[in-house]
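Enquirer: Below: sequence and its predicted model.
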There are 6 protein chains.
Amino acid sequence: MRPSRRAAEEMRAVSLERRVSKYAEGSCLVRFGDTQVMCLASVAEQVPPWLRGGGRGWVTAEYGMLPRSTGDRMRREASQGKQGGRTMEIQRLIGRSLRAVVDLKALGERQITVDCDVIQADGGTRTAAITGAWVALHDALEWMRARDIVKAPVLTDHVAAISCGIYRGEPVLDLDYAEDSDAETDANFVITGSGNLVEVQATAEGKPFSEEELLALMGLARKGTGRLVDLQKMAVE
Amino acid sequence: MRPSRRAAEEMRAVSLERRVSKYAEGSCLVRFGDTQVMCLASVAEQVPPWLRGGGRGWVTAEYGMLPRSTGDRMRREASQGKQGGRTMEIQRLIGRSLRAVVDLKALGERQITVDCDVIQADGGTRTAAITGAWVALHDALEWMRARDIVKAPVLTDHVAAISCGIYRGEPVLDLDYAEDSDAETDANFVITGSGNLVEVQATAEGKPFSEEELLALMGLARKGTGRLVDLQKMAVE
Amino acid sequence: MRPSRRAAEEMRAVSLERRVSKYAEGSCLVRFGDTQVMCLASVAEQVPPWLRGGGRGWVTAEYGMLPRSTGDRMRREASQGKQGGRTMEIQRLIGRSLRAVVDLKALGERQITVDCDVIQADGGTRTAAITGAWVALHDALEWMRARDIVKAPVLTDHVAAISCGIYRGEPVLDLDYAEDSDAETDANFVITGSGNLVEVQATAEGKPFSEEELLALMGLARKGTGRLVDLQKMAVE
Amino acid sequence: MRPSRRAAEEMRAVSLERRVSKYAEGSCLVRFGDTQVMCLASVAEQVPPWLRGGGRGWVTAEYGMLPRSTGDRMRREASQGKQGGRTMEIQRLIGRSLRAVVDLKALGERQITVDCDVIQADGGTRTAAITGAWVALHDALEWMRARDIVKAPVLTDHVAAISCGIYRGEPVLDLDYAEDSDAETDANFVITGSGNLVEVQATAEGKPFSEEELLALMGLARKGTGRLVDLQKMAVE
Amino acid sequence: MRPSRRAAEEMRAVSLERRVSKYAEGSCLVRFGDTQVMCLASVAEQVPPWLRGGGRGWVTAEYGMLPRSTGDRMRREASQGKQGGRTMEIQRLIGRSLRAVVDLKALGERQITVDCDVIQADGGTRTAAITGAWVALHDALEWMRARDIVKAPVLTDHVAAISCGIYRGEPVLDLDYAEDSDAETDANFVITGSGNLVEVQATAEGKPFSEEELLALMGLARKGTGRLVDLQKMAVE
Amino acid sequence: MRPSRRAAEEMRAVSLERRVSKYAEGSCLVRFGDTQVMCLASVAEQVPPWLRGGGRGWVTAEYGMLPRSTGDRMRREASQGKQGGRTMEIQRLIGRSLRAVVDLKALGERQITVDCDVIQADGGTRTAAITGAWVALHDALEWMRARDIVKAPVLTDHVAAISCGIYRGEPVLDLDYAEDSDAETDANFVITGSGNLVEVQATAEGKPFSEEELLALMGLARKGTGRLVDLQKMAVE
């Protein structure tokens, strides 16, 4: 049995709360159980230097955690003078995931930065961040459209993400922290609304895993992201 | 007339929401109007090196802002590789303010760090942070007391803070961002529950100010912190 | 047709040259075609602070590139004052991959660091690094065994890695730089000698990919790592 | 009695020595007793990016201490790789204080930087720095005027600063290090030649202070800055 | 007798292997015995900001060591966040040595950077780097000439470098690590093909040395660099 | 003729002013003409980690320049976040020079740090610093001796330094800034009281130099350091 008493295919309660910021052009507070991530999308009329003059835009993400968003207080990255490797990995993943469903040409030479800041962490912060960042990005694009800044559709699909893992020998969906720190295999899946894969990252934490196990996890993940996309649709309607 | 249509002595709606964190030993989400600061207190069984062996504890604070907590997105301090001067000034001020009402001997060789992270900024983040941090600190000390980690009372008084300023020639209480960026003089007062001063910081943004103006601001501040202390009392009862 | 005129399942010439260092306890210069990575394993009689006293050892990796190992000169990370996100991601991946086939208890409280420095880059540096690092690690462990520093077997299996991708609609094995920069999907597989998966990282560079495509890539990767493990066996015999 | 045997209202010997640099457009070595600060003003024909094109200039300050300007050697900030919070606070304060008496429009799009480097520290370095920096700034502006770089008067008033404190229960003027480290309350006042306040910073080091005490300190400070402004006048005549 | 059993005037086996990089415009792997340095020259069509518009080019160098190029593993400079003083000294020396034989006007507004990365260190890495960097620079200039990027000759002479030292009272040529760490005096000479001096750096490691000793070392160095220049000539013919 | 109208062998006016610090155990303000360097020696009862337990002490130096010690204001190293290569080179040179005349065993497990801060720079700051640092070191050792912290003599000789150069074809002694920036060859000599060489650093700024020229410079330098040692003797008597 899972520590949370959930069934193997059972996700935690997920909520996507929009318009949580007075300033950001798009915003979403996403909750996967006790995990809470604030996703704030900011529009800028300038792209990074290496993209200038090419007529294409850019979507990127930054990720951070409040020092006491976790069980033990972590050192603040700003006072340490650098972002850790895990932070960089995650913010690169969020950015790639969003770009997979964005038509950068239709965006024009503009940049949207989605800041994903973890208010409380209980496992799955990166997948919650991707799922919520899509909503913030959607709203920022709506904001631009309402002002005729963009004309053609920029978003080409939904994108959502979920973690799965082999916990005590059994594939389970949506790991919380207690499971995550104990799982033999931990996998994150980023999947579009039409069911295609954007990113698969599976890692053996303990012993290596088999292809069958990976496929079982992928099956769970498809169900999970299917539900997440439904929630995104309800949220933005 | 103030942009917010408030009367000169009128504060914004203030709320102090406790127990907003699953992990922190004490926590408070403080709101001064649209300004929101998450204050999370963490207890550690170790003091900084320069205090070891002296039998006294330490209380300190760290301050940060979400990059899009403001009207224009700021660069993330963690990715810039250092905390700015304003950040350092504010976190030092919060720490000093809290220590003014703490008996460090009664705390014993332990450290409490209060992380004050601005979720949304609309002026007065440092004064909101001090006011909310007191609640988080209070609850962390209650948590310690319930576990017999400390025995004697550690908190000696309340402490709260408020900003005032000369806006279009008139002294007003609790500046929001629109007023703050336009005020001729900007002052922050940190005052204890018994009405004594812990810190006074008054700055001429435009033309220098007179002693009378400073006294007028101090009078407003006393009323403000009096009400804030009342709210703290209601919150922790 | 691939730019290199290779067949879809054809790997580049791979070589694993041992004992390329006068100093390192284990060393291997690995070549995947024009990609060259120097892997040097260093033994230290001390583990990181968070592992001390637990009776277990640690295996870690660091990754770097000579500034002109690539077509355009990159800025030197040492003079920039920080390692980039890609560097951190890769060195974390190499370390995890090696630890998946190491019995950290049998290693005892010691650390082995494998430095993987790219002398020349033509795609696939991280997978070449993992494959060569296993040889360097093997030799460092032999060195320890010859001196009775470790007694029980520490390595539990082989581990090797290869990249695959969808290039112009077709799954191909072992991408070189020309293919990598043009591939629609790029995947790295880390697989043990017994055929189990240690890490799967698949990324849609352009449009999302299907489960079938992922499975096709995995099939290619299995063949590739099978051959790499054979080469490792020949090398260390 | 004060450790220095001075009367409560008695300042240390103050000197303002001009033209101490072969290169700086304005310069002043200021001494408050054993405290010595070298103030060097540099004129640049360029303002920071955020001011460009606005027709206004900028005055700023930087502050540093020689590592052995103090009783115990401090670590050199340049070798630590960052300026501490205290340094940043002080240099921001000096810059604000100078700008309070400068007509930035009359200055035109130019920047004057006043470097305040503490050669020897015995308390009151920030107030000495402000007092001496005014002289250096004055001379740099005279240098510009002599070359017709500026035409209209740029300086609108004098500005000087002094510290006061409650020492063993009594308000005293111009704290030296022995008093400063022992004072219950420590306050810095920045006051113009016409007697208006530019900045008030009062801090309870031990127990909180009353409004009466603050007013007593302010009374002392007015006398002190009055005398400092007289010394500035004599110096620049 | 020297630890290496070499005669006092005997250099180690030196080799200069060209065209060791697929990408660099000029490249040389230089070996002085077990010391191996990869020298890669990169051409850029832009000079540093302080040279722009002056019609002159720039030649510079960067230096690094693989962490396990030495007997004990060193910390990686990229992960430490800064280059050490020794690294900076050496790369400045290499750059100055090369510029002494370059006509920067004939180069035009372009920059050549020679990266000198130590693959294995056994003493004399900086002198090997200078000697090999000349070859890499030569080839990069040939590459430019073949493309009519430069027309007039840019290189004005050869330049090579060698270390000498007083080892157990006797002047010896080309110190290896065992001698270097034990020598009383250590000197590096950078000498042109025509026998003139570009740089002399002589350091008393133990007791101070006499003028006669310096002259004896210089005599040895002249012989050494004479042979190195012959090897450069053979290499580039 | 030299810009300063000095004869070729003529040094600038040199002064060595002792006891210029209230705190440092040894101190000297050294002037070579308009070059002024404050040298402050600090005694610590702890050696760096790599020396602990060996019964030997350490002498080291740090070097810095006030930002406007030069004709054009330089950026402050503390605010740039790192010391430049030139700074590191110079402080390493000063440390080595002092250690050449110190018996580290007689010093015992203690460290003396000499901070050399340039108040005003007009060429020759590193040689002035070495000459003045010897005086500060001497006085710190006297201070220790008076307190019986050291017993046996620690200083084994004097050490002084001077720069020379080929200016408009002629060897001249003690370059000032105007000469230094125009000299073809620039050399620094560190010489003991008994006339032995501690460090020779000669650099061709323009065209390479001959052995005869180096010897001519060395002859000048011997005269210069002879006079500097005489001044040191007068200063400490």
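Expert: Now that the structure is in, tell me what you want to look at.
Enquirer: and A:I90, what does it touch?
Expert: If a contact means C-beta atoms under 8 Å, 6 or more residues apart in numbering or on different chains, then A:I90 has A:Y63, A:T125, A:R126, A:A129 as its contacts. Where C-beta positions appear, they are placed from N, C-alpha and C, glycine not excepted.
Enquirer: longest helix anywhere in chain A?
Expert: Of all segments of type helix in chain A, defined using DSSP state H, the longest is helix A:211-236.
Enquirer: Hey, what's the angle from it to helix C:211-236? Just curious.
Expert: On the basis of axes from the mean of the first three to the mean of the last three C-alpha atoms, to 10 degrees, helix A:211-236 is oriented at 140 degrees to helix C:211-236.
Enquirer: Which one of the contacts of A:I90 sits in the busiest neighbourhood?
Expert: Sorting these by how many neighbours each has (other C-beta atoms under 10 Å in any protein chain shown) puts A:A129 first, at 31 neighbours.
Enquirer: from the contacts of A:I90, which is closest to chain C?
Expert: Distances from these to chain C were compared by C-beta to the nearest C-beta; the smallest belongs to A:Y63, at 10.9 Å.
Enquirer: residues in contact with the closest one?
Expert: Contact criterion C-beta under 8 Å, 6+ apart gives A:T87, A:I90, A:Q91, A:I94, A:C116, A:D117, A:V118, A:R126, A:A129 as the residues in contact with A:Y63.
Enquirer: how would you label the closest residue to the third one other than its chain neighbours: helix, strand or coil?
Expert: Meaning A:Q91. Nearest in space to A:Q91, with sequence neighbours left out and distances taken as C-beta to C-beta, 6 or more residues apart in numbering or on different chains, is A:Y63 at 4.0 Å. For A:Y63, the assignment made with DSSP: H, G, I helix; E, B strand; the rest coil gives strand.
Enquirer: Just the ones of the contacts of A:I90 in strands?
Expert: A:Y63 (DSSP state E).
Enquirer: which one among the contacts of A:I90 gets closest to chain E?
Expert: Sorting these by how near they are to chain E, with C-beta to the nearest C-beta, puts A:Y63 at the top with 21.0 Å.
Enquirer: Can you check what pLDDT the model gives that closest one?
Expert: A:Y63 is assigned a predicted lDDT (pLDDT) of 98.
Enquirer: need the helices for chain A, in chain order.
Expert: Counting by DSSP H, chain A has helices at residues A:77-80, A:85-99, A:104-107, A:125-146, A:177-180, A:211-236.
Enquirer: on that earlier part again, only the buried residues of the longest helix of chain A, if you could.
Expert: Burial within helix A:211-236, assessed by neighbour count using 16 or more other C-beta atoms under 10 Å in any protein chain shown, is assigned to A:211, A:213-214, A:216-218, A:220-222, A:224-225, A:227-229, A:231-232, A:235.
Enquirer: quick one: contacts for A:E213?
Expert: The neighbours of A:E213, taking C-beta under 8 Å, 6+ apart as the test, are A:I166, A:P171, A:T185.
Enquirer: pLDDT below threshold where in chain A?
Expert: Using pLDDT under 70 as the threshold, the predicted model of chain A has no low-confidence range.
Enquirer: near chain C, which residues of it?
Expert: Of all the residues in chain A, those in contact range of chain C (C-beta under 8 Å from any C-beta of the partner chain) are A:82, A:84-86, A:88-89, A:91-92, A:96, A:100, A:157, A:187, A:191-192, A:194, A:196-204, A:207-211, A:214, A:218.
Enquirer: Looking at chain A, which residue is nearest chain F?
Expert: A:G81 (8.9 Å).
Enquirer: Setting the sequence-adjacent residues aside, check what's closest to the residue sitting furthest away from the middle of chain A.
Expert: The centre of chain A is farthest from one residue, A:G53, which by C-alpha atoms, centre = their mean lies 29.7 Å away. Excluding the flanking residues, the one nearest A:G53 by C-beta to C-beta, 6+ apart is A:E109, at 7.9 Å.
Enquirer: give me every residue that touches the nearest residue to A:M144 once chain neighbours are set aside.
Expert: When the adjacent residues along the chain are set aside, A:M144 lies closest to A:V150, with 4.7 Å between them (C-beta to C-beta, 6+ apart). When contacts are counted by C-beta under 8 Å, 6+ apart, A:V150 touches A:A106, A:L107, A:G108, A:R110, A:L141, A:M144.
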